[in-house]
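Trainee: after the sequence you'll find the predicted model.
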Amino acid sequence: MYIKEIEFVNFKSFGKRIKIPFFEGFTTISGPNGSGKSNIIDGILFALGLSSSRTMRAEKLTDLIFTDAKSKSPEFAQVTITFDNTDRKAPVEADSFEISRKIKQTKTGYYSYFYFNGKSVSLTEVHELLGKAGVTPEGYNVVMQGDVSQITAKMSPVERRKIIDEIAGVSEFDEKKQKSLAELDIVKEQIEKIDIIIEEVKLRLEQLSEEREEALKYRSLREEKQKYEGYLILSKLKDAKTELGNVEKEILKYESLESQTIQKVKEQEEKLAEMETELSALNQEIRAKGEDEQIRIKKEIEEIKGLISRAKESIGVLEREEGDFESKRRDLFIKIDLRKKEVDGYEKSLEDERKKEETVQKEKSDRNTEKIILAGKIAGIEQKFSEKAAVSNQKRSELNTVKDEKNKLILDEDRLTDALRRKSSEIKDIENEIEEAKDNAKNAESDTKVATYDISKLTEESDKLKRDVDDLESAQKRLSDDKRRLEERSSTLEKEYGVIEARVRATEVGSTYSHAVEEILKAAKKEELYGICGVVANLGSVGKEYATALEIAAGPKMQSIVVEMDADAEHAINYLKRRNSGRATFLPLNKIELRRNLPDLSIDGFVGYAIDLIDFDPQYDNAFWYVFRDTVIVDTLQNARKSIGRYRMVTLEGETLEKSGAMVGGSVAQKSRVSFAATEREKLETLSVEIRDLHKKRGEIISKLDDLDGKISAANKRVNSISNEISKKEMQIEEIKGREDRLSDVLAAKKSSYDEFAVERESFKREMNAVIEQRLEKEEVQKVLESEIAEIEAELNNPELDELRKKSVRIDDEINRLNGRLADIRSDTNAIELSKKNAEELIEEARLDIAGLEEKKTTSKEKITALQDEIKSHAEKQKQNESREIEISNELKELQEERAALDEKCTLFRRQLDKARLSLDDIKSHAASCLLTKSSLQIQYESLLADVRERGLEERDDIPSYQTVYITFESLEKQMVAMEPVNMLAIDEYDEVNARCDELSGRRDILFNEREQLLSRIEQYEKLKRDTFMEAYTGINKNFTSVFSELADGFGELVLENPEDPFAGGMTLHAQPKGKNIIRLESMSGGEKSLTALAFIIAIQEYRPAPFYVFDEVDQNLDGWNVERVADRVLKSAPSAQFIVISLRKPMLERADRIIGVTQQDGTTSITGVKSK
């Protein structure tokens, strides 16, 4: 495998496409300094991705693109390397393959791509392919000018050792070690994590043992609750049956009322029909007298307003375009002034060139005079040799004529070369202009489509926005109604809240308590008395539905004071005595009678025992037993009467029935009794939450209304904006149509110019070829004449004559030089004249553009005038329509007033009819609601019945009321809720968690084993890393000793600073040139360092062979003898690998199989040829 060919396109100094062939063996590249030799090496590095842009002597990649100082620089560079792969060194099933890289500059930066056989690939893929063939970035396949000095002068010993690291692949073991260390950290982290989990699991086991006991108790309550659930269903079934009968009665009532209301609506509809007939007749009379015309005129007025508005917008657009025209016109005048200044500059330059030409012509005339004088002297001497001299003079005359003709042809050739270059540049510019014009033409069509598409989209958006505005306004009305209802509800609740809050405050300050109670509470607050728990009214809370019944059941006992000990009661009583503050009842918890168990009751309307319907702290159980004892709460007075005399009963509305048979009842005044403070506070909290919710909802509605206002306003603004945009787009389409015509003319003109320039270029080429052919013929004639003259002058050999002839030759050379100078001046004059002509053409183009702008401006003004005339016409028509509208309005005023009165009467009657219909709808709605209720109750009844049968319950009439059952059910549920959350799966979960603990312990053991294995693996990697390094070091050291001996006739070796631990130190190079002592690298001379470094590089190359090597002037610091040694060493290795060496040294060039010549002209590198031995 070897480099077969390299193709450069716009890369660094290669300003055009150049292909350089390469061959197997030893090839040198040579040429003058600065000719671009090293750019070939840079191209190899660039294409194969073996180095950075800075190594290739460029700050950034885009600096690698060829820069042309005379014309526009290209935007891309590309290098393609073709490899011969007949030996299949690279894993590619082909005899050859290409690797290419292209960089292209863009407005925002650049992009760079690699290609393999024309297919895009990544840099990694390129390196993988080359690596399999032995070409790597660290393998010293390419050795640059600085690499030799880098190894000897700039690298530290550690950096030199790292070269061996890279060759040996030590980094692979470092990566594996780091990976293992990372895995070790993960294992450690997992062990710590498992330890934490095990600790948590053990805590969980302790917790589960307690939860299991709770679960058993909870299960017992749940079974009892399920039994009462069945009672609840049976009581619901009974209530549903009763309610179903009541609803059927309601249905019959609404059916009768519906038939009556239908008859009433029918009568009102007939009356309304008569009135509408009369109104229709009046409308026909009004229309006959001109109302339709009035409506039509109003519509026309609105349409005319729209036309005037759009015309004004169009005028605005045209006036802005006029401003743009003026700006472009100013720019063009500025451009003309600049071009005129250029023309003036060119004229001055032409004048300078003419003066130079006159000076040179004068000098040439003087030389011709000298030549004539010399010719006379020569003629005097040559009289002796008249015949031969005559022949000589004739030949010399012919020679001078031939030289003059040849010089003239050279001038013509230079002129034609310059003309060809200019024509090529002009053709390229025109090609770019044609492409630009085509793009603009394509863009014109695209812009028209875009504008048309935009108009359709804007129209769609406008229609959608109008529909959205209608929807938003409907939503706005609905939200406003919701806001009003919320405000009404909020006001009602706030009034109720104020009333209840006043009662609670009164309770808190004790205004409803007796004077004695107030004094005790104050003393407790001041800590003058101890053991005061509070008043009964403050120690319990009840549901709202039971509050009245329980407060009346408790009566004055609500003000009883609960104390901890009887001694506390004694201190309080003495306190009242001392202050003469009255009497109070005290309930000492340590002495009060204990609560007794109460029997289950099954009486009609039974709600529950009073003491069971109040929530309080269990420690006050005996105190509340004193207050309520066995008082029963019954739903109604009617049900209570059935059991009178058997129990002390209080109804939900507050009637009291004593066991003695006494009955107390009537109206209840809230201010006349003490209330449960907690109950009132609960009401306040409920009201507060509801009021807050209402305020929150109101705030949300207000926010939504504000949002809707903003959206409606924004939508309306957008509709107006869209109308303006549509007008602009329509004007834009008109402008684009004109642009297409202009671009078509421009394109035709450019194509015509292109054809003319192409014809002229072909003419110049033909003329150029003819001139070159004539020049070559003259050169052949010149050679023949010079040979003949030399023979004659040899016969006419005379020292004086020879001196005169030499002087004549020098004058001829001076005349030839002056002729060349004249040719250069004339060439420069032609170039300046062409530039002047181009500037004058640009001035003419600018003047034509100004004329075009003036024409557009005139057209624009004409459009504005037409639009203004259109506005005036519309305004006049609008004025006429408005006048006619007033006339019609006056004529129809009396009839319209009569119609308005009749219409109002109809409207009033319609409202009455609507009211009757609403009433009918309401009746139907109630009837339908009753039917739905019946259906729902029927479904409910059937569902309950099915549920009863499914549960296997027995339907019976002696089931207690739903309320009674529900109290017991709720009590069970409260006990369960008090226990919750209960983990019912605690027993099974305990076993699972225990198994989980065992599993985690096993995993922890496994992780400890993994940790030990990782530590062993890390230790093994360190050993392999050292062994691999030492293998590479030993092999390269052996090669270095051999190569150094061959190059320097001495001994050299690589020395590790720390042989025991190579990675803890660096590496240096020791050498003993022939006849000298062993010296370290740092003590060597410049030449010795270079030779030692080269030996080291070659040793690396031999240790890791590659198919090709490239050296860039590595011999520049060596003396001739050492250059010969290095060249011989390269020649020796050339049969096994391709060597490409840049060199200016003779020994290197002599030993190469072939030489590639490089030169540079006008900043562009070119190849002079390939010379083989």
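Mentor: That came in fine, so what should we check first? The structure displayed is predicted, hence computed values, not measured ones.

Trainee: how about the helices in the stretch 1-150 of the chain?
Mentor: Taking DSSP state H, counting those that start in this stretch to define them, one finds helices in the stretch 1-150 of the chain at 37-48, 123-132, 145-149.

Trainee: mean neighbour count for those - can I get that in CSV?
Mentor: (Glycine included, C-beta is placed from N, CA and C.) Shown next, in CSV, are the helices of the stretch 1-150 of the chain (neighbours: other CB atoms under 10 Å):
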stretch, mean neighbour count
helix 37-48, 23
helix 123-132, 15
helix 145-149, 18
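
Trainee: distance of residue 1009 from residue 187?
Mentor: Residue 1009 is 10 Å from residue 187, where distance means CB to CB, to the nearest Å.

Trainee: can I get the helices of the stretch 1-150 of the chain in CSV with mean pLDDT and distance to residue 239?
Mentor: Putting the helices of the stretch 1-150 of the chain into CSV (pLDDT from 0 to 100; distance: least, CB to CB, whole Å) gives the following:
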stretch, mean pLDDT, distance to residue 239
helix 37-48, 90, 94
helix 123-132, 89, 82
helix 145-149, 71, 103
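
Trainee: ok, residue 1141 - how many residues close by?
Mentor: Neighbour count of residue 1141, defined by other CB atoms under 10 Å: 25.

Trainee: so where does it fall, helix or strand?
Mentor: Applying DSSP states H and E as the criterion places residue 1141 in strand 1138-1142.

Trainee: and the next helix or strand past that strand?
Mentor: Taking DSSP H and E, what comes next after strand 1138-1142 is helix 1146-1151.

Trainee: could you check the angle helix 37-48 makes with the following helix or strand past that next one?
Mentor: With elements assigned by DSSP H and E, the helix or strand that comes after helix 1146-1151 is strand 1154-1161. Orientation note: strand 1154-1161 sits at an angle of 100 degrees relative to helix 37-48 (axes from the mean of the first three to the mean of the last three CA atoms, to 10 degrees).

Trainee: partner strands of strand 1154-1161, parallel or antiparallel?
Mentor: When pairing is defined by DSSP bridges, strand 1154-1161 lines up against strand 26-30 (parallel), strand 1164-1172 (antiparallel).

Trainee: about what we covered before: who's more crowded, residue 1009 and residue 187?
Mentor: The residue with more neighbours, out of residue 1009 and residue 187, is residue 187; 19 against 10, by other CB under 10 Å.

Trainee: on that earlier part again, neighbouring strands - and their directions - for the strand holding residue 1141?
Mentor: strand 26-30 (parallel), strand 1108-1112 (parallel).

Trainee: just those strands: most buried one?
Mentor: Among the strands paired with strand 1138-1142, strand 26-30 has the highest mean neighbour count (mean count of other CB atoms under 10 Å), at a mean of 25.

Trainee: alpha carbons of that one, as PDB, please.
Mentor: This file holds the C-alpha atoms of strand 26-30, laid out as PDB (Å, rounded to 0.1, in the frame of the first residue of the first chain):
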ATOM      1  CA  PHE A  26      12.100   6.800  -2.400                       C
ATOM      2  CA  THR A  27      10.700  10.200  -3.700                       C
ATOM      3  CA  THR A  28      12.000  13.600  -2.900                       C
ATOM      4  CA  ILE A  29      10.200  17.000  -3.400                       C
ATOM      5  CA  SER A  30      12.400  20.000  -4.000                       C
END
